[in-house]
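Q: this one's sequence-less:
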């Protein structure tokens with residue numbers, strides 16, 4: 001089951017996502033004889049949510065009534081960010097060996113390291129399927145892409161083991177961690193020891209730099225998050241082509257690690273790092289007019305247009 005948030009005639013709602021087509025849950029509920037609480041809170045329809053059972057019943061009804069389901073499809077919906085206000089938007093750096101190496105560093109075995117986790121300010125960086133990625137005026141020349149598997153937490157998780165970690169997942173989505181590889185405030189500054197790290201971190205925070213979507217696929221749809229093809233294209237040219245089995249730290253291990261020192265809450269998003277193929281390693285960066293498509297098998301294609309700010 002794949003669900004999305006969408007807007008139609010100024011109203012936000014939740015729908016079944018079918019390859020850029022949407023069936024509103026409210027319409028499906030009427031057709032299937034189900035009763036729903038009216039809300040655009042997608043999380044409530046995912047595993048651990050209060051209306052998940054009803055959503056499953058409607059999904060089964062649609063699968064068994066294909067001709068009737070076709071009549072429920074709407075084509076004029078604008079896709080919204082699936083989780084618009086997560087308490088935490090967490091991302092991993094360096095979770096694929098070849099990406100680490102293309103950045104000029106040496107990858108090490110899992111047992112010799114730990115996940116590098118950082119955050120983006122969700123209220124200003126989150127962007128949606130079909131949204132515009134602005135090139136920041138302050139640093140326009142080194143904007144890059146990073147297609148990543150996003151994990152949505154479904155219930156409170158603290159000190160969970162790797163073995164049980166996937167039980168806390170509500171679903172999976174696509175994240176494009178747009179990154180500024182050349183952000184350098186005050187070029188006349190006196191260099192300090194930590195400048196490089198903070199330049200890197202601040203380069204993750206530009207407005208609109210975290211498209212997420214187009215939908216959330218439930219764990220029943222994605223039974224193995226460690227075998228998902230990942231691809232990113234710019235203007236139709238393939239730049240990233242990998243698979244999540246290449247992750248140094250699999251999804252469950254990431255949840256175990258983060259929950260060991262911070263409580264994960266329903267709706268939190270964890271983006272699990274990017275594979276090799278980023279533009280900066282090839283001297284290629286995003287520019288206004290570029291069409292970016294980030295896709296993960298079983299979930300969908302997250303499409304965005306780059307614009308001047």
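A: Great, that's in hand. Just so we're clear, the structure is a prediction, and the values are computed from it rather than from any experiment.

Q: look up phi and psi at the nearest residue to residue 85 once chain neighbours are set aside.
A: With sequence-adjacent residues excluded and distances taken as CB to CB, 6 or more residues apart in numbering, residue 85 is closest to residue 122, at 6.8 Å. Where you see a C-beta, it was placed from the backbone N, CA and C, and this is true even at glycine. Torsion angles at residue 122 (phi, psi; degrees, to the nearest 10) stand at phi -60, psi -40.

Q: again with residue 64
A: Dihedral angles for residue 64 - degrees, to the nearest 10 - are phi -90, psi 0.

Q: equivalent analysis for residue 199, please.
A: phi -60, psi -50.

Q: that one: what's it in contact with?
A: Residue 199 makes contact with 183, 184, 185, according to CB atoms under 8 Å, 6 or more residues apart in numbering.

Q: paired strands for the helix or strand encompassing residue 270, with orientation please.
A: Here residue 270, judged by DSSP states H and E, is contained in strand 269-274. Sheet pairing here is set by DSSP bridges, and for strand 269-274 it gives strand 89-93 (parallel), strand 147-153 (antiparallel).

Q: and the residue nearest to residue 85, how many neighbours does it have?
A: 20 (other CB atoms under 10 Å).

Q: you'd agree it is up against residue 91?
A: No: between residue 122 and residue 91 there is no contact under CB atoms under 8 Å: 10.9 Å.

Q: surely residue 232 touches residue 277?
A: Yes: assessed by CB under 8 Å, residue 232 is found in contact with residue 277 at 6.9 Å.

Q: overlap in contacts, these two.
A: Common neighbours of residue 232 and residue 277 (CB under 8 Å, 6+ apart) are 239, 240.

Q: residues contacting the nearest residue to residue 84 once chain neighbours are set aside?
A: By the measure of CB to CB, 6+ apart, the closest residue to residue 84 outside its immediate chain neighbours is residue 126, 6.9 Å from it. Counting by CB under 8 Å, 6+ apart, residue 126 touches 81, 84, 86, 89, 210, 211, 212.

Q: widest-spaced pair of those?
A: 86 and 211 (14.1 Å; CB to CB).

Q: quick check: the residue lying closest to residue 163 once chain neighbours are set aside vs residue 151, distance?
A: Excluding the flanking residues, the one nearest residue 163 by CB to CB, 6+ apart is residue 252, at 7.5 Å. Per CB to CB, to the nearest Å, residue 252 is found 10 Å from residue 151.

Q: higher neighbour count, these two?
A: Taking other CB under 10 Å, residue 252 and residue 151 do not tie; residue 151 has more neighbours (29 against 21).

Q: number of residues surrounding the closest residue to the more buried one other than its chain neighbours?
A: Distance criterion CB to CB, 6+ apart; nearest residue to residue 151, sequence neighbours excluded, is residue 270 at 4.5 Å. Neighbour count of residue 270, defined by other CB under 10 Å: 26.

Q: from residue 113, how far out is residue 270?
A: Using CB to CB, we find residue 270 at a distance of 18 Å from residue 113.

Q: what of residue 203?
A: Distance, residue 203 to residue 113, by CB to CB: 22 Å.

Q: do the same with residue 107
A: 9 Å.

Q: what's the answer for residue 141, then?
A: Distance from residue 141 to residue 113, by CB to CB: 31 Å.

Q: please apply the same query to residue 62.
A: Residue 62 is 45 Å from residue 113, where distance means CB to CB.

Q: more neighbours: those two, which one.
A: Taking other CB under 10 Å, residue 62 and residue 113 do not tie; residue 62 has more neighbours (20 against 12).

Q: I'd like the distance between the more buried one and residue 192.
A: If you go by CB to CB, the gap between residue 62 and residue 192 works out to 58 Å.

Q: elements contacting whatever helix or strand residue 258 lives in?
A: Assigned by DSSP H and E, residue 258 belongs to helix 251-259. With contacts defined as 3 or more CB pairs under 8 Å, 6 or more residues apart in numbering; DSSP states H and E, the packing partners of helix 251-259 are strand 147-153, strand 269-274.

Q: and those: which comes nearest residue 13?
A: Closest approach to residue 13 among those is made by strand 147-153 (18.5 Å; CB to CB).
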